[in-house]
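Student: what's the 3D shape of this:
(one chain, ligands or ions: 1)
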Amino acid sequence: MKEDLYCVIDIGGTKILLLLMDDAENILFREKRATPKPEEPDAIIRVISELLAEANRKIGYRPEKKPKAIGVCIAAFLDHRKGLIYQSPNLHWSETVPFAQIMSEQLNCPVFIENDANAAVVGEVFYGAARGHRNAVYVTISTGIGGGLFLDGKLFRGHSGFAGEIGHIKPFGKGRTCNCGGDDCLEIWASGTGISLSAETLWSADEISPAKLDAKWVFEEAEKENTLAQKIVDQTMEITGRGLANLVNLFNPSCIVIGGGVAGNRKKYFTGISKVIREEAIKPSVEITPLEIVPAQLEPDAGLWGMYAILTSRLEE
Ligand SMILES: [Zn+2]
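Tutor: This next block holds a predicted model:
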């Protein structure tokens, strides 16, 4: 084992995943726990502290040798410099929490925080599907739609850290209020949630129980040539492709990484989106720029690898 240890953590709405790594990219310990309910910051830090103690026992490193730094990725609007989490809908945090400071004091170790999709684009660029690219866009399509921007060789966070909210570009349909409070965002039409909502307009509760009308069911039905289901899939490919074509026009990336539960392992859907992107983006951005459109490689660990990259480079600065 090399000298320095790094701890990277993904705090999600349902689980907390923690890795302990050395400075040669080896994973020494990996464990997950359910996210405590209610999701109080102190309760979450307690779980992390227990996981670190367990790591300590399992890998047998000296108790006085704590990680050089801890990196936390989390679905939240946050300030990575100040370590503040302003809002985390998944954790039901609506007031500002000085999370990095609290955690750093309790665990006696420097703590860095990052938005999960921002961390994921860094992970895919340094270790995954966008390796070597200096301009890459990452999009994850699952219950919601998230995104991260890596531009000119750096993570692009925007003024306050809220850049890359690809799910909330608009408008992509008519008459739906998004979880962000806005109307007709890409997410509310093209995410797993959006697909379910579209299905609910086509099948009544008498025909099929609404609980069954999820994205998985719609894709399975489309495979069986159910024309209504195919229509929904076509519509989501079209609007997702158009949304991503807008990003190509804005940022001229050389790589788009598509991940998430809706996109994962659905070759036709992935190909359909790629086709729309290439058709709808300005021609120089797809013909002169060698634009790669690739599936994510590191799921569900992209954010963790991103945090590892952030920790190891930041500390050398
Ligand atoms: Zn929205």
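
Student: the host helix or strand of Leu52 - contacts with which helices or strands?
Tutor: Leu52 belongs to helix 41-59 when assigned by DSSP states H and E. In terms of contacts (3 or more CB pairs under 8 Å, 6 or more residues apart in numbering; DSSP states H and E), helix 41-59 is packed against strand 5-11, strand 15-22, strand 27-34, helix 99-107. C-betas here are computed from N, CA, C, even on glycine.

Student: redo these as a markdown table? Include distance to the ion.
Tutor: Listed next are the helices and strands packed on helix 41-59 as a markdown table, based on distance: least, CB to the ion, whole Å:
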| stretch | distance to the ion |
| --- | --- |
| strand 5-11 | 22 |
| strand 15-22 | 25 |
| strand 27-34 | 28 |
| helix 99-107 | 24 |
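
Student: out of those, deepest packed?
Tutor: Comparing the helices and strands packed on helix 41-59 by mean neighbour count (mean count of other CB atoms under 10 Å), strand 5-11 ranks first with a mean of 26.

Student: neighbouring strands of that strand in the sheet, and parallel or not?
Tutor: Counting by DSSP bridges, the strands paired with strand 5-11 are strand 15-22 (antiparallel), strand 69-74 (parallel).

Student: any idea which residue sits dead centre in this protein?
Tutor: Centroid-nearest residue in the chain, with CA atoms, centre = their mean: Ala117, separated by 3.5 Å.

Student: what does the strand or helix carrying it contact?
Tutor: Element membership of Ala117 [criterion: DSSP H and E] is helix 116-127. The contact list for helix 116-127 (CB atoms under 8 Å, 6 or more residues apart in numbering) reads 10, 12, 25, 71, 73-76, 114, 130-131, 133, 136-138, 140, 146-150, 155, 157, 161, 164, 257, 259, 296-298, 301-310.

Student: mind checking the SS state of the residue located most distally from the centre of the chain?
Tutor: Using CA atoms, centre = their mean, the residue of the chain lying farthest from its centre is Asp206. It sits 35.6 Å away. Look at Asp206: counting by DSSP: H, G, I helix; E, B strand; the rest coil, its state is coil.
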